[in-house]
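Participant: Here is my input, please return the structure:
(chains A and B)
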Amino acid sequence: MAIDAATVRKVAKLARIAEPEARIEPLAQELNGILTWIEMLNEVDTDGVEPMTSVVHQGLPMREDVVTEGGDPAKVLANAPKAAKDFFVVPKVVE
Amino acid sequence: MSDLTKLTLKSALEGLETKAFSAVELTQVHIEAVESAKALNAYVLETPDKALAMAQASDARRARGQAGALDGAPLGIKDLFCTEGVRSTACSKILGNFQPTYESSVTANLWRDGAVMLGKLNMDEFAMGSSNETSAFGPVINPWRASGETTALTPGGSSGGSAAAVAAQLCLGATATDTGGSIRQPAALTGTVGIKPTYGRCSRWGVVAFASSLDQAGPIARTVEDAALLLTSMAGHDARDSTSLDVAVPDFASFVGKSVKGMRVGIPKEYRVEGMPAEIEQLWEQGVAWLKEAGCEIVEVSLPHTKYALPAYYIVAPAEASSNLARYDGMRYGLRVDGANLTETYEQTRAAGFGEEVKRRILIGTYVLSAGYYDAYYLKAQKVRRRIADDFDQAFEKVDALLTPTAPSAAFPLGENADDPVAMYLNDIFTVTVNLAGLPGMSVPAGVDAKGLPLGLQLIGRALDEGSLFSLGGVIEQAAGFTARPDRWW
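Facilitator: Got it, this is the predicted structure:
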């Protein structure tokens, strides 16, 4: 499952990271190096093994469906790159 | 008064209690120590004014007879923990000047018990690294040097600032986090004690997320007892973290000094890896001898899937990271680099904000989760993870704890593995299994190599059995009589 330049471009697009053209080939090599090493996992017999998604042996806790905090727009917006009144300001998404 | 920085946390708390010195005096000498140690680059933000204000409040509490368990103890906080009103960046450019409007649960617990914050500690960016070299603030320099040499060594990572600050006496103890070894490996490389508790012991609320099913907070300290005091304060159930365990927190310090007679300790044969330095092998044998002398029964055990732990980790952790780090979009906080449209703004922001190692892991994570590859990589890794956890379950039917080396080498020069990600990843070969299984693991300094650099031994316990680790760790600490300290050059 070798990663080529086209795959790196596709994955970078999916991850929303602009990678300069000069980085595409080196990245393909780096990622291939890592994934080739990872492929040793194919030696492990995992037939019938239940995938492990959590190490916590307890069910997820439930809580009352009530508002516990909030109503503080100043705190929410305190670190916004751009804000106006009680809103985040973001680039236009509809042309 | 500079001798006060040499105290253990325990003896400092006793000194405060007997009024041998005040919290303000204790804090002041630490502030001065931090100021004079900039060459180590351990702190990325110093908060002396806040520290003195907290120390004054502590002295007032103590005068009223209301001192908490850690009252007046100056600590360093890894920059992964959100601290209210104090810049928290995970040592990434993408968080910019982020000033949380809330306090992480772990640090809130420490302040509840009266601790004092000296500042924020350097680390690998988003805790992704084993040498502290991925930090946007530049690497931490290990206070330890090989004897007769001046080469700059890594303190390990990702909690390199925490480990270096504790080793160089720039705080009495520090918070740290461990996703694949980030508490234990730096502890081993700096001659300090570090414990990653059972997954769920410490709340992850307010800790910048890397890989949520693996991340766990814990302390780095100069003694086993100090680590116990800190963990007792840091741990506890928190409704705001749904994976936080609703179990009582024992007084971990009460386990230090307890007899370990009759305890069965396993030696996993798969941890004897090719190319391991003879000194580490010898130290491991020495550790076995110490535990035998203390009355432990030593049992050879097998953890057959050990060598698959790192590759499984490098699927699970990047997959979770790629998802967690999707939140850094330049819209609500942190850096924003404007592009021609929304997508370009995302892409430019993330390109400028993330460092190379973080980008590499996001790309791997995105790839292994992408359509067509999910089963081959992610699902496979989760199944292998189950196998690794099953290995431990079987071993713990025969033994009460495991003894292994912490890291495959002593501290290495900065830049050594910079061009080879896989070589760098191998630093975590002995520690990462514990994260995958959610178990507690502790590194205890046990000796020095021929160059005078510290080496650590790792103890691994059953889930929620940190107590045994504190008892066994105390035995190793006492038998090793590890008193070496780095010669001050900074």
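Participant: For chain B, what is the nearest residue in chain A?
Facilitator: Evaluated by Cβ to the nearest Cβ, chain A has residue A:55 as its residue closest to chain B, separated by 2.8 Å. Yep, even glycine has a C-beta here, placed from its N, CA and C like the rest.
Participant: What strand or helix carries that residue?
Facilitator: When elements are assigned from DSSP states H and E, residue A:55 belongs to no helix and no strand.
Participant: Share the number of residues neighbouring the residue lying closest to it once chain neighbours are set aside, please.
Facilitator: Nearest residue to residue A:55 in three dimensions, chain neighbours excluded: residue B:438, at 2.8 Å (Cβ to Cβ, 6 or more residues apart in numbering or on different chains). Look at residue B:438: counted by other Cβ atoms under 10 Å in any protein chain shown, it has 24 neighbours.
Participant: about what we covered before: which ones are touching the residue of chain A closest to chain B?
Facilitator: Residue A:55 makes contact with B:199-200, B:213, B:389, B:436-438, B:463 under the criterion Cβ atoms under 8 Å, 6 or more residues apart in numbering or on different chains.
Participant: With residue B:206 as the reference, measure out to the closest residue to chain A within the stretch 351-490 of chain B.
Facilitator: In the stretch 351-490 of chain B, no residue comes nearer to chain A than residue B:438, which is 2.8 Å away by Cβ to the nearest Cβ. Using Cβ to Cβ, to the nearest Å, residue B:438 is found at 21 Å from residue B:206.
Participant: what ranges do the strands span in the stretch 1-150 of chain B?
Facilitator: All strands of the stretch 1-150 of chain B, identified by DSSP state E, counting those that start in this stretch, fall at B:43-46, B:74-78, B:116-121.
Participant: just these: most buried one?
Facilitator: Using mean count of other Cβ atoms under 10 Å in any protein chain shown, the stretch among these with the greatest mean number of neighbours is strand B:74-78 (a mean of 30).
Participant: Can you spell out which helices and strands pack onto that strand?
Facilitator: helix B:23-35, strand B:116-121, helix B:160-167, strand B:173-178 (3 or more Cβ pairs under 8 Å, 6 or more residues apart in numbering or on different chains; DSSP states H and E).
Participant: Hmm, residue B:12 is touching residue B:4, no?
Facilitator: Yes - in this structure, residue B:12 is within contact of residue B:4 by Cβ atoms under 8 Å, at 7.1 Å.
Participant: list residues touching both of these two?
Facilitator: Counting by Cβ under 8 Å, 6+ apart, the common neighbours of residue B:12 and residue B:4 are residue B:26.
Participant: Now for residue B:144, how many residues are close by?
Facilitator: 26.
Participant: My read is that it contacts residue B:190, right?
Facilitator: Yes - taking Cβ under 8 Å as the contact criterion, residue B:144 and residue B:190 are neighbours in contact, 6.4 Å apart.
Participant: ok, back up a step: name all residues that make contact with the residue of the stretch 351-490 of chain B closest to chain A.
Facilitator: A:55-56, B:198-200, B:389, B:463.
Participant: In PyMOL, how would I select just the buried ones from those?
Facilitator: The following PyMOL selection, which keeps only the buried ones among the contacts of residue B:438, applies the criterion 16 or more other Cβ atoms under 10 Å in any protein chain shown:
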select buried, (chain A and resi 55+56) or (chain B and resi 198+199+200+389+463)
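Participant: what's the most distant pair in the contacts of residue B:438?
Facilitator: Of all pairs drawn from the contacts of residue B:438, the greatest distance, 14.4 Å, lies between B:200 and B:389 (Cβ to Cβ).
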